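Visitor: okay, predicted coordinates and the sequence, questions at the end:
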Amino acid sequence: MTTTTPETFAARAKSPGGLTLRYSLALSIVFLVIMCLAYAINAADRQIFPTLLPAIRQAFGYDLKVAGLMSTVFTLGLAVAGIPTGYILDRTSRKAIILIAMVIYSAFTLATIYAFGFWDMLFYRAMTGVGEGMQMAGLFAAIGAYFYQKRSFFIGWLILSYGAGAFLGPRAGALISQSAGNWQTPFIWFAVTGFVLAAIVLMLVPKGFTESEGPGKAGPVDEAAFAYMPANLWNRNVIMGSIGCIILGYVLYGYIGLYTTYLQSGLKFPPADAAAALSFFGLGGLLSFVGGWCGDRFPQHWVMAIAFAVLAAVGYSIYNVATTLELQSFLSFMVGAVGSGFVFVNLLSFLQRSVRPKMVGRASGIFLTTLFGAASTAGYLMGALVGNFGWGTAALIELTLFPVIGIVAMLLVNTKQLIPVKKG
């Protein structure tokens, strides 16, 4: 059996005999834009609950720890859906999973307004996360496989759409809530929008785009081409990437879960200013295509290690240095730019590059389960730390010291066992 190195595989992928995209570049971009719109409403949907959390907390009488749990428990649904959906994606239609997922999270977003207690609200929030996780796994697998030669860059554009949704979601939610005079109406608007976008994906995006098999199909020839890659799913790089995902989950959602609560209770910001500051997190995510380009152009593990270091400094500054709306907005932007735009994008593509093409769906599932499994308890942990030590020390522990573990994991990556990217 003939083996090849990452360098010879890259040459083979560019050769006239290599696989080409099924559609023209222009048409492929049209399909990508539709998928980005579908992901943008996913992002906006998940931001609406923490934005309106002070009003919801008052209506239900939640204490700080329970409020933090409610704000981030949807990530438990994302985690639960991740690995099972990944296995299903490697065996069935990605488009079908994406559509089913959009219907699920839109339906349970609507159900949120009918909650009457702790347990049903917890269930609705978790099920919203299940749908969002299924959609994310499907989108990540589809885009990563179709644009495999530049997967970090194009996944970056997908995350950019997340940033747009996360930027507009809090602002739109706060505006709708203020106009309607209640916290329920925004959930109705977001649910209906999700149903409409699901119909658009159904009608306009073909399976030829969503079901791409990447650099090759499973078989003897491809097994030879990827002999330098580990045959098993849980290899060293997947484990290091999973550790990075766990750390990112605690950092991002430790920040997101109680951020508006901190601004309103700790810094005495009015609700509109708190929502505006949170929205800059989404604006920072608009730089994700830059983070993706850097991951394709430079050693990816170093890109992530440096980003983790910056994220640690920013997390500390939010709760220990900044007191003005302008500085809080800038730091919130930096969390989105570095956390979503660099670490999130590159961890996802890194995990896909760490396995053979036939396992790309499972790699996407691992990404979701590890990241959002940690995120599901991030808000609760942040609330507990605040209760015991105050906001500043809580941020030092969860948002500054945790990223050091992520840096160490990135330094232990085996760069010789990664599918290469096309430079330039």
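Guide: It's in.

Visitor: all contacts plus neighbour counts: C-alpha atoms, from now on.
Guide: Noted.

Visitor: in the stretch 201-350 of the chain, which spans are helices?
Guide: Using DSSP state H, counting those that start in this stretch, the helices of the stretch 201-350 of the chain run over 207-210, 220-225, 236-265, 271-284, 288-297, 300-320, 325-334, 345-353.

Visitor: so of the ones you listed, which one's packed in deepest?
Guide: Each of the helices of the stretch 201-350 of the chain was assessed for mean neighbour count using mean count of other C-alpha atoms under 10 Å. The highest is helix 345-353, with a mean of 27.

Visitor: now do it: distance to the chain's middle.
Guide: Helix 345-353 sits 11 Å away from the centroid of its parent chain (C-alpha atoms, centre = their mean, to the nearest Å).

Visitor: pull the CA atoms of it into CSV?
Guide: This file holds the C-alpha atoms of helix 345-353, laid out as CSV (Å, rounded to 0.1, in the frame of the first residue of the first chain):
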residue,chain,number,x,y,z
VAL,A,345,-13.4,29.0,14.0
ASN,A,346,-10.0,27.4,14.2
LEU,A,347,-10.9,24.7,16.8
LEU,A,348,-13.7,23.6,14.5
SER,A,349,-11.6,23.3,11.4
PHE,A,350,-8.7,21.9,13.4
LEU,A,351,-10.9,19.0,14.6
GLN,A,352,-12.1,18.4,11.0
ARG,A,353,-8.4,18.4,9.9
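
Visitor: now the angle from that helix to helix 236-265?
Guide: 160 degrees (axes from the mean of the first three to the mean of the last three C-alpha atoms, to 10 degrees).

Visitor: quick check: angle from whatever helix or strand comes next after helix 345-353 to helix 345-353?
Guide: In the C-terminal direction, the helix or strand that comes right after helix 345-353 (DSSP states H and E) is helix 360-389. An angle of 140 degrees separates the directions of helix 360-389 and helix 345-353 when computed by the same axes, to 10 degrees.

Visitor: distance from the chain centre to helix 360-389, please.
Guide: Using C-alpha atoms, centre = their mean, the offset of helix 360-389 from its chain centre is 11 Å.

Visitor: report all helices and strands that that helix contacts.
Guide: Contact partners of helix 360-389 among helices and strands, from 3 or more C-alpha pairs under 8 Å, 6 or more residues apart in numbering; DSSP states H and E: helix 64-72, helix 74-89, helix 118-146, helix 236-265, helix 345-353, helix 391-395.

Visitor: residues of the host helix or strand of residue 57 that come out buried?
Guide: If you go by DSSP H and E, residue 57 is part of helix 53-60. Within helix 53-60, the residues that qualify as buried are 53, 54, 55, 56, 57, counting by 16 or more other C-alpha atoms under 10 Å.

Visitor: from residue 275, how far out is the second one?
Guide: It stands for residue 54. According to C-alpha to C-alpha, to the nearest Å, residue 54 stands 11 Å off from residue 275.

Visitor: how about the last one?
Guide: To residue 275, residue 57 is 16 Å away according to C-alpha to C-alpha.

Visitor: got a pLDDT number for the residue nearest to residue 375 when sequence neighbours are not counted?
Guide: Closest residue in space to residue 375, ignoring its immediate chain neighbours: residue 249 at 4.4 Å, by C-alpha to C-alpha, 6 or more residues apart in numbering. Here, the pLDDT recorded for residue 249 equals 93.

Visitor: and the one 4 residues further on, by the same measure?
Guide: We have a pLDDT of 88 for residue 253.

Visitor: ok, now residue 290?
Guide: pLDDT recorded at residue 290 is 86.

Visitor: hang on, it packs against residue 341?
Guide: Yes - using C-alpha atoms under 8 Å, residue 290 makes contact with residue 341 at a distance of 7.3 Å.

Visitor: now for the helix holding residue 57, which elements pack on it?
Guide: With contacts defined as 3+ C-alpha pairs under 8 Å, 6+ apart, the secondary structure elements packing on helix 53-60 are helix 64-72, helix 236-265.

Visitor: could you list every helix and strand that the helix or strand hosting residue 155 packs against?
Guide: Counting by DSSP H and E, the element that carries residue 155 is helix 151-180. Helix 151-180 sits against helix 25-51, helix 118-146, helix 185-204, helix 271-284, helix 288-297, helix 345-353, with contacts defined as 3+ C-alpha pairs under 8 Å, 6+ apart.

Visitor: what angle do helix 325-334 and it make with each other?
Guide: Using the same axes, to 10 degrees, the direction of helix 151-180 lies 140 degrees away from that of helix 325-334.

Visitor: buried residues, helix 151-180. List them.
Guide: Taking 16+ other C-alpha under 10 Å as the neighbour-count basis, helix 151-180 is seen to contain the buried residues 151-174, 176-177.

Visitor: need the residues that contact stretch 89-107.
Guide: Under the contact criterion C-alpha atoms under 8 Å, 6 or more residues apart in numbering, stretch 89-107 has outside partners 127-136, 138-139, 141-142, 190-192, 194-195, 198, 201-202, 207, 210-211, 358-362.
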